[in-house]
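Engineer: show me the folded form of this:
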Amino acid sequence: MRLFRMPKPPGRRATAAGVGLGVLVGAGIAMAPTAQSHGYIDQPISRSKLCQTKAVSDCGPIQWEPQSVEGFKGFPAAGPADGKICAGGHSEFAQLDDPRGGNWPATQVYANQSYNFRWQFTANHSTTDFRYYITKNGWDSTKPLTRAALEPAPFFTVAYNGARPAMTTVHQGVMPSGKAGKHMILAVWTVNDTPMAFYSCSDVQF
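Structural biologist: Sure, this is the predicted structure:
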C-alpha cells in the first residue's frame, strides 16, 4: 500500500399565481440535491461521470448529479452493502451497480505504471483520506461489486489529516502490478468532519 500525506491546507390573479410559482421554484432550487453537492472521480472516468456525459444511457438521476454518491464511511468494515457499493447504498442510483453484462466503457491503464487519479469537487470538505481499491484477479464483471471481489487493502492511499482538497485534485499514484484484462477501481473519499464518505467506481482495462 502506498501512503502519501498532504498538508492541511398580467392581471392581479395571474401576478399572484406567478409570485407563488416563483416561491415554489426558488424553494425547489434550494432543496435540490446539487445544493449540497460534493465530488467525483473523472480520471479514470467513473460510472457516474459516464452517465453525466451520456456516454452511457438509462442512468436515472445520477446523470444530473454525478457528485452525489455519498454513503456512510468506514469501508470496508462499514459503508454501503455489497451489491450497492458503486451507488453508495442509494437505491435511486442503482444503475451504477448494474454490471450491464460487464460492458461498461473502460479506461486503458497499465500495470505498475504511474497514473494521475483526478477528482472534481463541487464542495471540498475537510478530508481524512482517499483510498483506492481494485478487484481481484478472476472477479466477475457481470455481477454487482462486493467486498469479496476486491483486494482486501487499498493499493493507494492519500492521507489529508483534515485538510481540504483543491476543487480539482490529482493524486499521482502507481497502478497495481499483476493485473490484466478488465478490472474495477473503487475510490473512496472519506470526509473528516461528518459520518460520510463518497464512493466512485471506475472500470479499467489493463
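Engineer: helix/strand/coil for Lys49?
Structural biologist: Following DSSP: H, G, I helix; E, B strand; the rest coil, the label given to Lys49 is helix.
Engineer: and it, how far from Cys86?
Structural biologist: Per C-beta to C-beta, to the nearest Å, Lys49 is found 12 Å from Cys86. Using the backbone N, CA and C atoms, a C-beta is placed for each residue, glycine as well.
Engineer: Arg164 now?
Structural biologist: Counting by C-beta to C-beta - Arg164 and Cys86 are separated by 25 Å.
Engineer: what's the answer for Pro165, then?
Structural biologist: Distance, Pro165 to Cys86, using C-beta to C-beta: 21 Å.
Engineer: neighbour-wise, which of those two wins?
Structural biologist: Cys86 (29 against 21; other C-beta atoms under 10 Å).
Engineer: for the more buried one, what are its contacts?
Structural biologist: Residues in contact with Cys86 (C-beta atoms under 8 Å, 6 or more residues apart in numbering) are Arg47, Val69, Leu96, Asp97, Pro144, Leu145, Leu186, Tyr199, Cys201.
Engineer: for the fifth one, which non-adjacent residue is closest in space?
Structural biologist: Computed as C-beta to C-beta, 6 or more residues apart in numbering, the closest residue to Pro144 that is not its neighbour in sequence is Gly83, at 4.1 Å.
Engineer: who touches the one you found in this structure?
Structural biologist: Contacts of Gly83 by C-beta under 8 Å, 6+ apart are Asp97, Pro144, Leu145, Thr146.
Engineer: do the same with Ala106
Structural biologist: Applying C-beta under 8 Å, 6+ apart to Ala106 gives the contacts Lys182, Asp203, Val204, Gln205.
Engineer: thought the third one was touching His183?
Structural biologist: Same thing as Val204. Yes: contact criterion C-beta atoms under 8 Å: Val204 and His183 qualify, at 5.4 Å.
Engineer: quick one, which of these two is more surrounded?
Structural biologist: Legend: neighbour count by other C-beta under 10 Å for Val204 and His183, higher for His183 (25 against 21).
Engineer: which element follows the host helix or strand of the more buried one toward the C-terminus?
Structural biologist: In this assignment (DSSP states H and E), His183 forms part of strand 182-191. Downstream of strand 182-191, the first helix or strand assigned by DSSP H and E is strand 196-205.
Engineer: CA atoms of that next one as PDB?
Structural biologist: This file holds the C-alpha atoms of strand 196-205, laid out as PDB (Å, rounded to 0.1, in the frame of the first residue of the first chain):
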ATOM      1  CA  MET A 196     -20.000  10.100   5.400                       C
ATOM      2  CA  ALA A 197     -17.700   9.100   2.500                       C
ATOM      3  CA  PHE A 198     -18.100   9.300  -1.300                       C
ATOM      4  CA  TYR A 199     -17.800   6.200  -3.500                       C
ATOM      5  CA  SER A 200     -16.700   6.200  -7.100                       C
ATOM      6  CA  CYS A 201     -16.400   3.200  -9.400                       C
ATOM      7  CA  SER A 202     -14.200   3.300 -12.500                       C
ATOM      8  CA  ASP A 203     -13.900   0.400 -15.000                       C
ATOM      9  CA  VAL A 204     -10.400   0.000 -16.300                       C
ATOM     10  CA  GLN A 205      -8.700  -2.300 -18.900                       C
END
